[in-house]
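Participant: need a structure here:
(chains A, B, C and D)
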2 protein chains.
Amino acid sequence: MASSSDKSKVTLVDVARLAHVSPSTVSRVFSRRELVADDTVRRVMDAVRALNYRPNQLARNLRTSESRIVGLVITDIQNSFYGAIARGVQEAATENGYHLMLFSSGEDENEEREYLDILAEYQVQGIINVPAANARCPYPYPAVPVIEVDRTTHTPGVHAVLTNNVDGARAAVKHLIERGHTRIGVIAGRQDITTGAERLQGYERGLFEHGIPVDQQLVAHCEHTEEAGFASASKLLELPAGRRPTAIFAVNNETTLGTVLACRELGMRIPSDMSLVGFDDSRWALLMEPPLTVVRQQAFELGYTAAQVLFRMIQSKRRTVPSVTRLEAELVVRSSVVARRQVVS
Amino acid sequence: MASSSDKSKVTLVDVARLAHVSPSTVSRVFSRRELVADDTVRRVMDAVRALNYRPNQLARNLRTSESRIVGLVITDIQNSFYGAIARGVQEAATENGYHLMLFSSGEDENEEREYLDILAEYQVQGIINVPAANARCPYPYPAVPVIEVDRTTHTPGVHAVLTNNVDGARAAVKHLIERGHTRIGVIAGRQDITTGAERLQGYERGLFEHGIPVDQQLVAHCEHTEEAGFASASKLLELPAGRRPTAIFAVNNETTLGTVLACRELGMRIPSDMSLVGFDDSRWALLMEPPLTVVRQQAFELGYTAAQVLFRMIQSKRRTVPSVTRLEAELVVRSSVVARRQVVS
DNA sequence: TTGTAAGCGTTATCAT
DNA sequence: ATGATAACGCTTACAA
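Facilitator: Here you go, the predicted model:
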């Protein structure tokens, strides 16, 4: 069992001493082994094993100024959508020999700012960020590349990997209209979050393309939370019969959840009393009764792609021209939309 | 706008030069400000702002050997149960001025081992780990404190924060029995994962307490995944009528999901054709039709508590006596269990 | 109250 | 192929 339970940290120098070589040789064994004689490598590695030596990355990184850490700041780690993004980022990071420092900002721009600061102080080599609403003057660190994912602040020079929200929302609205709905409510989210804004835009465009005017009474703005979605949906559902929507489009998974709960609370059946299309797929969308029709984002790919873009930036030192990647969203038709006898206007 | 877009890193020395003080003074302004004259502090802070200086944590930590990083290794970041644990850990970490390095092992003991190595190399001050199945000789780093969460390897000397799985499972079985079920199937998970083992044990004890013998035909072992749960549940559901269970208890959220899908696939209605109790609550359990009766774990608290224990260890240098904390699980009765006409045996 | 100097554990440069 | 030596950016005795 040797000395494997040594309390004190064992360093390069200890290994060097035991192997009867200089510290530089030990270092070379780890970085550029081909420059070291086979026999010496063996001796060094024996010592490494004997002492159970592991290089101190802090020291190594200080010297090389390569932390091999990337930062990920999301708004809510408990939302499975962001969980999937995180998994995508982690997979790409691992593939590239990087590691992940993770923060969840809770949609608070100050917290977010603080986390970005901390990441910079830890000399991360890149940051992937889901910018919180309102995130103002965003990136104080021209030295570290930042990729925005899911949402964007439109900061000049910043890369972004986003969903094609406009087309996703249009597809949802088109589906609803084709099934005979004309009074379509929308839980529109926040307009200072690009996903909310773009999805509302897609909603409006979808209506416009079918010659249906936007009725502001059917547009409910709210926080991107289950509670806010519940409240907003309730308002729509409590409209008098003639002005009440026959269908609702909710722009993210939290508000969709709130909408389902609101329907349940008011005793409205989906889809017979109210049709519903959500944004973001999830297990409960499938297991719900009826299974929910949704616009599915490529969550994992969002994270994975963002990380890819980041590593490409890191590799090719020079500032690449900022790109915006849009991943397509896909309408998944299940059973939460009823076909209405169409009254052609 | 000054020189805020400097490309090259600005260091303590730059600040010192600009403020006409020594590096140590600048350092003291950041660590022990009360030792520095007010006037000097002002001059230094002016320089800090002018240069947009941020301390290099890598260097600082190398010097102090305090990385202020804790590692978290979970098995699946996309599982909302572990997402909640991660959130708990992050919250506690932030409260204590620590930061989180996150890895998701995918239930692979080799990956897990690699991540633990990496964390050690980054000089993390503690590790919170959901040990993967089979994780053999677990912690090679007596120098860094490890807390196991959710599951334990029973390694001597390691702290653990776990759910009271036995009682949770007993409560589920008791509930089923009280509703008249005697043929209760169990999707038992893996026995080399303590959660699986303990929940099966709770199942057996629950039966025993009511004088019902364990029928091995009703015990299905499987991976902790949706697919495996689906397969195992299908086998149970396809048993000939007389030997088929009237109710199923599934030991985690993934296998519960698989079980629901299996029922759906075979056209069996819950609860009229088959009653079901799951382990782990989630949004879909609530939204399902019928809403699912589950044993709810305190996921967030699991993570938060584990981190608390860890920070207590870090603070009080000396090796504390290893503790096992058990958090209670709570039966949440919804509508997935039907009451049967009881045939008293 | 402030400055000097040594050193944390590595790697890079230059010799040999 | 290997070794001496000087950094990397910071903290901390110790001195002044």
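Participant: Could you list the low-confidence segments of the stretch 101-250 of chain A?
Facilitator: Within the stretch 101-250 of chain A, the ranges that satisfy pLDDT under 70 run A:137.
Participant: Could you report the neighbour count for whichever residue of the stretch 51-200 of chain A sits closest to DNA strand D?
Facilitator: Nearest residue of the stretch 51-200 of chain A to DNA strand D: residue A:63, at 3.5 Å (Cβ to the nearest atom of the strand). Any C-beta I mention is one placed from the backbone N, CA and C, and that applies to glycine too. A count of nearby residues for residue A:63, using other Cβ atoms under 10 Å in any protein chain shown, gives 11.
Participant: Likewise for the one 3 residues further on?
Facilitator: Residues near residue A:66, counting by other Cβ under 10 Å, number 14.
Participant: show me what contacts it?
Facilitator: residue A:125 (Cβ atoms under 8 Å, 6 or more residues apart in numbering or on different chains).
Participant: Tell me the secondary structure at it.
Facilitator: coil (DSSP: H, G, I helix; E, B strand; the rest coil).
Participant: one step back: does chain B sit close to the strand or helix carrying the residue of the stretch 51-200 of chain A closest to DNA strand D?
Facilitator: Using DSSP states H and E, residue A:63 sits in helix A:57-64. Yes: for helix A:57-64, a contact with chain B is found by Cβ under 8 Å from any Cβ of the partner chain, at A:57, A:58, A:59, A:61, A:62.
Participant: I'd like to know which of those is nearest to residue B:187.
Facilitator: If you rank those by distance to residue B:187 using Cβ to Cβ, residue A:57 comes first, at 41.8 Å.
Participant: wait, the closest one sits on residue A:69?
Facilitator: No: using Cβ atoms under 8 Å as the test, residue A:57 is too far from residue A:69 to be in contact (9.1 Å).
Participant: Next one: residue A:59 from residue A:9, what distance?
Facilitator: Look at residue A:59 and residue A:9: by Cβ to Cβ, to the nearest Å, they are 11 Å apart.
Participant: ok, those two, which is more surrounded?
Facilitator: residue A:59 (16 against 12).
Participant: Up against chain B, what does the stretch 101-250 of chain A have?
Facilitator: Residues of the stretch 101-250 of chain A lying near chain B by Cβ under 8 Å from any Cβ: A:101-104, A:117-118, A:120-123, A:140, A:142-143.
Participant: Around DNA strand C, which positions in chain A sit nearby?
Facilitator: Residues of chain A lying close to DNA strand C by Cβ under 7 Å from any atom of the strand are A:9, A:11-13, A:23-24, A:27, A:30-31, A:53, A:55-56, A:59-60, A:62-64.
Participant: Counting neighbours, which of those residues end up buried?
Facilitator: By neighbour count, with 16 or more other Cβ atoms under 10 Å in any protein chain shown, the residues of chain A next to DNA strand C hold A:11, A:12, A:27, A:30, A:53, A:55, A:56, A:59, A:60, A:62 as buried.
Participant: Report all helices and strands that the strand or helix carrying the third one contacts.
Facilitator: If you go by DSSP H and E, residue A:27 is part of helix A:23-31. Contact analysis of helix A:23-31 by 3 or more Cβ pairs under 8 Å, 6 or more residues apart in numbering or on different chains; DSSP states H and E lists helix A:12-19, helix A:38-51 as its packing neighbours.
Participant: buried residues in the shortest one?
Facilitator: The one in question is helix A:12-19. So for helix A:12-19, counting by 16+ other Cβ under 10 Å, buried means A:12, A:14, A:15, A:16, A:18, A:19.
Participant: with those residues in mind, which one is nearest to chain B?
Facilitator: residue A:12 (12.7 Å; Cβ to the nearest Cβ).
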